[in-house]
Every structure is written in structure tokens, then in C-alpha cells.
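> My questions concern the predicted model and sequence given below.
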Amino acid sequence: MRLISPALFLVLLTLTTFAQSRKIATTTAKNATATQVNPPMGKPKLVVGIVIDQMRYDYLYRYYTKFGTAATTGSGFRRLMDEGFNARNNHYHYAATYTGPGHAAIYTGSAPAINGIVGNDFYERNLGRLMYCAEDTSVSTVGNTGTAGKMSPRNLQVTTIGDQLKLATDGRAKVIGIALKDRGAILPAGHAANAAYWFDSKDGNFISSTFYQNELPKWVQDFNARKLGDQFLGQKWEPVLPLNQYTESTTDDQAYENMMPGEAKPVFPHEFAVQAGGSKYEVLRTSPYGDQITKEFALAAMKGEQLGQRDVTDMLCVSFSSPDYVGHAFGTHAIETEDQYIRLDRQLADLFAQLDASMGKGQWLAFLSADHGVVDAPGFLQQYRIPAGVKGYGEIGETVKASLEKAYGPGKWMLSYINQQVYLNHALLAEKKIALPDVYALLRTDLLRQKAVVNVINLHNLGAEALPQLQENLLRNVYYPNRSGDFYILQSPGWIEGRARGTTHGSTYAYDTHVPFLLYGWGIKPGQTLRRTHIHDIAPTITALLGLLEPSGCIGNPVEEAIK
């Protein structure tokens with residue numbers, strides 16, 4: 001056998017070692033590429049959570065060419081869409097598509113079945129009365145002597161993103177919630193927040209409650225002293241573009257649109273008439289000026305609280321409530337709605353510009369979603385021969401009462417009908433030895449005779465219902481025994497209750513569940529996905545970016561595609 005010389009052996013050994021090293025390095029790099037979803041090292045200076053009240057997903061694209069029409073301001077929505085990440089098939093995962101539950105779900109990653117916020121209002125069985133989602137009779141108003149501040153997050157049973165941020169930083173992070181609506185400020189901010197502020201329509205000021213503090217900070221007092229509400233009351237709401245440029249809307253006078261107070265027709269320009277004995281500034285909510293006031297207050301909070309200016313991540317939760325008021329009044333295809341979103345786009349652009357100036361582009365993280373969508377006004381749908389209509393709000397409740405009294409005699413058999421749910425008097429049923437399944441069979445037969453009632457669903461026995469899996473899950477995720485009803489009345493798509501004009505939301509259908517989910521800034525990889533994501537995925541995505549434990553009731557998963 002021929003021996004290899006020591007020199008040749010050394011060369012072969014070197015080449016073999018080099019090849020193995022390259023193979024290991026290549027394999028490691030490939031594995032890292034396949035699994036790497038960690039955010040960049042460090043942390044954002046500020047997280048800005050934005051909720052647009054009643055923003056349906058398709059508005060992003062219907063109004064896209066109108067966004068950024070002012071060269072001096074740029075576009076807020078298009079900046080998020082073009083430079084950020086867009087989860088285009090994002091849906092609510094429960095049936096109660098209302099404001100309170102939506103804000104709670106976005107910031108907790110939870111569901112009403114866990115977090116307890118099953119509606120804006122609901123029947124609380126342990127108290128034997130209706131309860132408002134943010135009410136708290138143990139606290140007092142901070143900012144005036146009224147009762148509008150008797151609010152807190154105590155009815156929310158789980159933690160929020162902000163709570164997790166406070167816990168992780170031993171309280172050093174600042175968390176602030178802001179909205180015109182109290183529930184839009186309180187539920188996002190959570191239990192451990194420094195403060196939540198909302199708009200009091202009586203005096204036009206932002207107020208809070210003693211749950212957070214005993215007096216308003218000086219920056220809030222200074223902002224209230226500016227009396228922006230008075231400035232806007234003295235103006236008219238006129239379209240920002242010539243009327244013939246609102247090509248994504250119907251003409252400016254539809255029979256199914258609501259009038260603003262003091263108006264004879266639902267047409268531009270809108271004047272702000274103050275109703276005798278009413279709240280002076282309430283009318284501003286149904287206008288773009290409500291969003292402008294909210295944005296200005298958010299900027300004041302950034303400056304007053306020095307958000308994003310320390311060595312810890314802060315969080316600002318901002319909810320723009322006016323789109324909900326405008327949408328309810330005028331519908332989804334009104335010029336007013338289009339104008340509202342064009343103007344809101346400019347408010348967002350200004351907010352983002354101020355964030356850049358304060359912290360630097362790429363140093364802050366933002367997400368945007370909506371608390372629910374909205375159905376097209378029935379009158380609008382009927383113009384296209386699409387099945388739609390309006391039921392009187394009392395029709396179902398009165399049928400339930402009449403059916404039960406006819407079958408079982410006089411008595412308060414029904415405690416409430418709210419959120420499309422029938423709440424029965426369990427104590428009376430037990431006293432009379434009447435079984436719940438018997439009541440269900442009776443009411444199902446009678447209610448299915450009504451127009452637009454598709455199904456009557458027993459929330460105590462969802463597994464026995466012949467429902468598509470999607471709808472079954474939506475109902476399962478909204479059932480919280482002490483705060484939910486016994487039977488859910490599923491109504492036909494396009495039908496609403498109790499509104500002869502305007503429109504509403506609250507159903508299980510796509511027009512109410514499909515809402516935006518946009519991510520932008522620090523740690524975000526630009527792109528989009530069409531796979532179905534859910535509202536409960538928002539909170540775990542943000543906490544994953546921040547390296548935090550997800551909120552206590554979270555049932556979602558991070559959207560990995562969005563994370564660098």
C-alpha cells in the first residue's frame with residue numbers, strides 16, 4: 001500500500017475541515033432563514049395603537065385614491081398600507097361586533113367568553129340588572145362635577161397589552177388611553193394604565209376618573225382651556241373636495257340617511273345646532289371635527305407625558321370615534337362618510353409626522369384596526385334588489401313575552417332582550433319547574449315565523465345546533481354565562497333592528513367582522529397576507545415584538561409574516 005506523505009495528508013485534512021465548516025455554516029444559515037422571526041434587538045420608543053370606530057375593511061381600497069390628496073400632509077392610511085404590513089383577511093372571532101367588545105378584544109387578544117365584555121351593555125345576572133361595559137359606581141369623575149367619569153376597566157376580566165408592558169417594566173412604562181367614547185379609551189388602556197381620557201359632551205372637556213388619579217394633569221387642563229369645541233361649533237362641516245369628486249358615494253340626499261340636529265335634509269353643508277337641554281358639544285361627535293379634537297389631544301398627551309422620550313417603551317392607545325357616529329347616521333356610501341375618511345387620513349398623516357419629528361422614523365411601532373364593521377343601509381341595498389330590511393326593535397322581545405305568558409301564565413319570564421339575545425328568568429322557571437329545553441322549543445317555533453329570523457340558537461347547547469363551524473365558533477366565543485343570554489336570534493343578512501334611517505352593526509356576517517389590521521414601523525417587515533387572521537392575533541403580535549408575555553386571556557397567535 002502506498003503511504004500518503006505527511007504534507008499531502010495535512011492538505012487533505014485542511015480541505016476536509018474547510019468543507020465541513022462551510023456545510024455547517026450553510027445549514028445553520030438556511031435554518032436561521034427558515035425560522036428567524038425575532039424582532040430586531042432593542043425596543044421601540046413608543047407603541048401607538050389606533051382603533052377606527054366602525055371602519056370596514058373595504059374602505060381602505062374604496063377610498064385609496066382619495067387618501068393623500070393634500071400634498072402638504074401626505075396620507076396616513078396609504079403610509080401604513082404601502083410601507084407597512086397589511087393582514088388583508090382579518091376578522092372578528094365572535095358574534096358581538098360592538099364597540100366595547102371590539103376594543104377589549106384588540107388589546108387583550110381574548111374573546112368575550114373570557115374577558116367578560118359581551119356587549120356595550122349586557123344583563124349582569126349576579127346584579128339582576130343591565131350593566132354598561134365600563135361603568136364603575138365606586139369611582140368619581142375627574143375634571144368636572146358630573147357623572148360621566150364614573151367609569152373604569154373593572155368589568156374587564158383579563159389583562160391588556162398595556163398591562164403586560166407595565167408589569168414587564170415594573171410600572172416604569174407609561175400607558176395612556178384616549179377617545180371621544182369612554183369605553184374606547186378605558187378598555188384599551190387596561191387596569192394598570194397611567195390614565196384614560198374621554199370627551200364630555202356637556203362641557204367639551206376631556207375627563208377621567210378617580211380610578212386613575214384625583215386630578216387632571218396640568219397638560220390636560222391646558223388643553224381643555226383651549227376650548228377647541230367652541231371653535232368647531234362656530235364652523236360648518238363642508239366637503240373638503242368639490243362634490244363631483246366624491247365618486248365613491250351616492251348623491252348627497254338619500255331617503256335612508258339621517259338628519260343632523262336642526263336640519264331639514266341630510267345634505268352639505270352641515271351646521272352644528274345645539275339642542276335645548278342637550279349636551280352642547282354632542283353634535284361634534286358626528287363630524288370630522290371629533291377626530292381632529294382626538295388627534296390634537298393625542299399630540300398633547302405625547303408632549304405632556306413625554307411619551308417615547310425615555311429608556312423604556314411607552315404606549316399610546318387612540319380610538320377615533322367619529323366614524324361610528326357618521327356611519328350610523330349616513331350609511332356606508334354617503335358623501336359624508338367618504339369626506340370623513342379623507343379628513344381622517346390627513347389627521348393620521350399629521351399624527352405620524354409628529355411621531356417622526358419627536359422620536360425619529362423607524363423608532364416607533366403602530367398598529368391600526370377597527371372595533372367592528374358595518375352593514376350597508378337597508379335602503380341602499382334595496383336599490384340593488386339585495387334582500388334587506390328593518391325590524392322594529394321590540395318585535396322579538398314582545399313575541400318572547402307573549403309566547404311565554406300564553407304557555408305558562410303571567411310572570412316576568414324574560415329579563416331582557418339585548419345584543420340579539422334573550423335573557424330568561426331562571427329563578428321563575430325553576431320555581432314553576434319548567435325545563436329550559438321546553439322553553440327553547442316553544443320560542444324557536446314562534447320566532448321562526450317572524451320575517452328575517454333565520455334561526456334561534458340555544459347558547460347552552462351549541463354542539464347540538466346545525467350551524468356552519470364558523471358561526472358556531474363566533475357564538476361560542478361570545479358566551480359568558482353570567483353576562484350572556486340563553487338564546488341567540490340569528491337574523492338575515494342585510495336586516496337591522498330599530499333604525500328607519502342610517503345603519504348599524506352587531507351581526508356575525510362578514511360586513512361586520514372583516515376589518516383592517518395594519519402594522520407599521522419598528523420591527524415590522526413590509527408586506528401582506530391573505531390568510532385568515534383574527535382580531536385575537538393583534539395583541540400577541542405586539543407582545544411578541546416587544547418580548548412580553550401575552551395578555552392573560554389571550555387565545556391568538558402572532559402574525560409571523562409581519563415580524564422582521
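In hand now; what should we look at?
> Going along the chain, name the strands of the stretch 451-564 of the chain.
For the stretch 451-564 of the chain, the strands defined by DSSP state E, counting those that start in this stretch cover 453-458, 487-491, 495-497, 517-521, 527-529, 533-534.
> Nearest to Lys412, out of the ones you listed?
For these, proximity to Lys412 was assessed by CB to CB; strand 487-491 is nearest, at 16.7 Å. For every residue, glycine as well, the C-beta is placed using N, CA and C.
> what packs against that closest one?
Strand 487-491 sits against strand 421-424, helix 436-447, strand 453-458, with contacts defined as 3 or more CB pairs under 8 Å, 6 or more residues apart in numbering; DSSP states H and E.
> Check what contacts it and list those residues.
Outside strand 487-491, the residues that touch it by CB atoms under 8 Å, 6 or more residues apart in numbering are 95, 391, 396, 420-422, 424, 440, 443-444, 447, 452-459, 471, 475, 497, 507-508.
> List the contacts of the helix or strand that Ile114 is a member of.
Assigned by DSSP states H and E, Ile114 belongs to helix 112-115. Residues from elsewhere that reach helix 112-115 (CB under 8 Å, 6+ apart): 94, 96, 101, 104-105, 108, 118-119, 156-158, 476-480, 484, 553, 555.
> Send me that helix as CSV with only the CA atoms.
Extracted in CSV, the C-alpha atoms of helix 112-115 (Å, rounded to 0.1, in the frame of the first residue of the first chain):
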residue,chain,number,x,y,z
PRO,A,112,-66.0,38.0,25.3
ALA,A,113,-66.3,34.4,26.6
ILE,A,114,-63.1,35.0,28.6
ASN,A,115,-62.7,38.8,29.1
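> mean confidence for it?
For helix 112-115, mean pLDDT is 98.
> Which strands border the next helix or strand after that helix, and is each parallel or antiparallel?
Where DSSP H and E defines the elements, the next helix or strand beyond helix 112-115 is strand 121-124. In the sheet, strand 121-124 lines up against strand 129-132 (antiparallel) (DSSP bridges).
> residues making contact with the partner strand?
With contact meaning CB under 8 Å, 6+ apart, strand 129-132 is reached by Asn120, Asp121, Phe122, Tyr123, Glu124, Asn155, Ser416, Ile418, Arg483.
> what are the ranges of the helices in the stretch 201-350 of the chain?
218-225, 228-233, 288-304, 322-330, 335-359 (DSSP state H, counting those that start in this stretch).
> Quick one: residues in contact with the shortest one.
Among residues not part of helix 228-233, those counted as contacts by CB under 8 Å, 6+ apart are Gly204, Phe272, Val274, Lys280, Tyr281, Val283, Leu284, Ser287, Tyr289, Gln292, Ile293, Glu296.
> Now compare these and name the two farthest from each other.
Greatest spatial distance among the contacts of helix 228-233 (CB to CB): Val274 and Glu296, at 21.5 Å.
> buried sites along the helix holding Ile114?
Using 16 or more other CB atoms under 10 Å as the test for burial, helix 112-115 gives Pro112, Ala113, Ile114, Asn115.
> what's the offset of that helix from the middle of its chain?
Between the centre of helix 112-115 and the centre of its chain there are 15 Å (CA atoms, centre = their mean, to the nearest Å).
> Could you do stretch 500-512 as well?
Relative to its parent chain, stretch 500-512 has a centroid offset of 15 Å by CA atoms, centre = their mean.
> center of the protein - which residue?
Asp371 (2.0 Å; CA atoms, centre = their mean).
> That one is in contact with Gly102, isn't it?
Yes: contact criterion CB atoms under 8 Å: Asp371 and Gly102 qualify, at 2.7 Å.
> Give the residues shared as contacts by those two.
Joint contacts of Asp371 and Gly102 (CB under 8 Å, 6+ apart) are Val51.
> Out of the helices and strands packed on strand 487-491, which one sits most buried?
Highest mean neighbour count of the helices and strands packed on strand 487-491: strand 421-424, a mean of 24 (counted as mean count of other CB atoms under 10 Å).
> residue contacts, His536?
Here His536 is in contact with His93, Ala105, Gly109, Ser110, Ala111, Cys554, Ile555, Gly556 (CB under 8 Å, 6+ apart).
> which ones among the residues you listed are found in helices?
Ala105 (DSSP state H).
> got the domain boundaries for this structure?
Structural domains annotated on the chain: 46-383+508-562, 389-492, as defined by automatic domain parsing.
> between those, which gets nearest to Arg501?
Counting by CB to CB, Arg501 lies closest to domain 46-383+508-562 out of the domains of the chain; the figure is 4.5 Å.
> can you give me the offset of that closest one from its chain's centre?
Distance of domain 46-383+508-562 from its chain centroid, counting by CA atoms, centre = their mean, is 7 Å.
> so how many other residues sit close to the residue lying closest to Met414 once chain neighbours are set aside?
Distances taken as CB to CB, 6 or more residues apart in numbering place Val400 nearest to Met414, at 5.1 Å, with adjacent residues excluded. Per other CB atoms under 10 Å, the neighbour tally for Val400 reads 24.
> May I see the buried residues of the helix or strand hosting Val400?
Assessed by DSSP H and E, Val400 sits inside helix 394-408. Residues Glu395, Ile396, Gly397, Thr399, Val400, Lys401, Ser403, Leu404, Tyr408 are the ones in helix 394-408 that count as buried (16+ other CB under 10 Å).
> tell me the angle of it relative to helix 436-447?
Angle, helix 394-408 to helix 436-447, by axes from the mean of the first three to the mean of the last three CA atoms, to 10 degrees: 130 degrees.
> Now do helix 394-408: distance to the chain's middle.
Averaging C-alpha positions (CA atoms, centre = their mean) puts helix 394-408 34 Å from its chain's average.
> Could I get the buried residue list for the helix or strand that that helix is followed by?
Going down the chain from helix 394-408, the next helix or strand is strand 414-418, by DSSP H and E. Within strand 414-418, the residues that count as buried by 16+ other CB under 10 Å are Met414, Leu415, Ser416, Tyr417, Ile418.
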